[in-house]
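*Asks:* Could you look at this predicted model? Sequence included:
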Amino acid sequence: MEKNDLLLSAQRIADWYCRNTTNDGRTPFLIYTDRHEVVPGYEWSTAFALMGMLSAYKVFGKSEYQQTAGRMLGYLKSLQIMEPSSPHYGAFREVTPETNWCYVRDALSAAWGMVEAAEVFGDEECLDRALLWAEWFMRHGIDETGWPLWGLYFDPEKIDERVQMCNDIHGCFHGGSLNFFYRLFRATGDRRWVGGFFEHMADYFVSTIQQEDGFFRSVEKATGKPPAADPQNGLHRANDDLGTLGLLCASRIYPKPAYHEGICKFLDAVFSRQNADGAFEESCASVPVVLNIAAESGCHVPDGTAERAWKFFLSRQFPEGDPLFAGGLNESDQGYLCIRSMSYALIVILKLIGGDARFLTAE
């Protein structure tokens, strides 16, 4: 596998985003190949796509990449509640300006995108918006134990039973929330954002969320043990949703051996289960996530592991042809394109090969 193969893959992903991002900054999240049905994107998926397109612009220099990123940023801004009289002033809605709910980690990712956009564009408004969200989080987004909520409704009288709200479960995905607060601290210099609540989250992530086998699992709030059935069916197994990257951020502030040990324990578990075809799990989204934290942390990567994983990843990219699919990723080989893996890959490939180390980093 040549480095140019990965750079070409990244450019094809960026071109897909240019073709399929609407004028108001929305992208598909899923597209089903059998019927071309489109499921619209969310705030979190747009935030990572925004970072990826900013990287693509820096590496490839195509103005349409920056323009697409700008449209994505406009969409994110449209989702934030900006009425000072609202009890949820600063919150991000999940899908549209009318959506009545959010998953807290998803909304955090939107705020994370604002921090990165503020740095790239020199846009103080973006940083102000990220701070507004962080203040909202401290008021509404965290439970009495100090772990972030799964999600919430802005108007609790308007419940949508189709939305999965599991606030009796501490989601393992919230390990990735540490990244945002670290990046906010780096942007502002305010140590409040890496204070006691941040340390508690990192400690809980390695002491309770991480299991003996090295993987992270959601646990019941009442018992601290994984439920009999994972509400997300193992979605964050090898793709830990950037939780180990969050631990690396935490180690920059609180140099506890347990944090780095937790990262390496997780990577050992993932690498020991790599399939013959190079996959870490069914979804190819785990490839950029895992190889990113391996590069950032300096934990040992067995010989040939990364090359086999990237070959597997490339095998999931749709060929040229239909503009709805060309360059996109068949994430789980189940008949749909999904941009979750695309945004992570765009960032990580352009970091490891393109030299743009600004995003998904603990620096």
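*Replies:* Great, that's in hand.
*Asks:* Can you pull up the most central residue in this structure?
*Replies:* In the chain, the C-alpha nearest the mean C-alpha coordinate belongs to residue 241, at 5.8 Å (Cα atoms, centre = their mean).
*Asks:* pretty sure it is touching residue 178, no?
*Replies:* No: counting by Cβ atoms under 8 Å, residue 241 sits too far from residue 178 to count as a contact (11.2 Å). To be clear about C-beta, it is placed using only N, CA and C from the backbone, and glycine gets the same treatment.
*Asks:* What does the residue nearest to the centre of the chain show for phi and psi?
*Replies:* Dihedral pair for residue 241: phi 60, psi 40, per degrees, to the nearest 10.
*Asks:* Over to residue 219?
*Replies:* phi -130, psi 160.
*Asks:* That one contacts residue 225, correct?
*Replies:* Yes: between residue 219 and residue 225 there is a contact under Cβ under 8 Å: 5.7 Å.
*Asks:* Compare these two and say which is more crowded by neighbours.
*Replies:* Neighbour totals were compared for residue 219 and residue 225, and residue 219 leads with 20 against 11 (other Cβ atoms under 10 Å).
*Asks:* who's the more buried one bridged to?
*Replies:* When bridges are called by DSSP bridges, residue 219 pairs up with residue 170.
*Asks:* Repeat that for residue 338.
*Replies:* residue 30.
*Asks:* okay but it is in contact with residue 344, surely?
*Replies:* No: the pair residue 338 and residue 344 does not pass the contact test of Cβ under 8 Å, sitting 10.9 Å apart.
*Asks:* what's the overlap in contacts for those two?
*Replies:* Residues touching both residue 338 and residue 344 by Cβ atoms under 8 Å, 6 or more residues apart in numbering: residue 285.
*Asks:* Name the residue in these two with the higher neighbour count.
*Replies:* residue 344 (28 against 22).
*Asks:* other SSEs contacting the helix or strand containing that one?
*Replies:* Using DSSP states H and E, residue 344 maps to helix 339-352. The contact analysis (3 or more Cβ pairs under 8 Å, 6 or more residues apart in numbering; DSSP states H and E) places helix 339-352 against helix 3-20, strand 28-32, helix 43-60, helix 286-297.
*Asks:* Report all helices and strands that the shortest one contacts.
*Replies:* In other words, strand 28-32. Secondary-structure packing of strand 28-32 (3+ Cβ pairs under 8 Å, 6+ apart): strand 38-40, strand 336-338, helix 339-352.
*Asks:* Name the residues of that strand that are buried.
*Replies:* 28, 29, 30, 31 (16 or more other Cβ atoms under 10 Å).
*Asks:* That's all I had, so thanks and see you.
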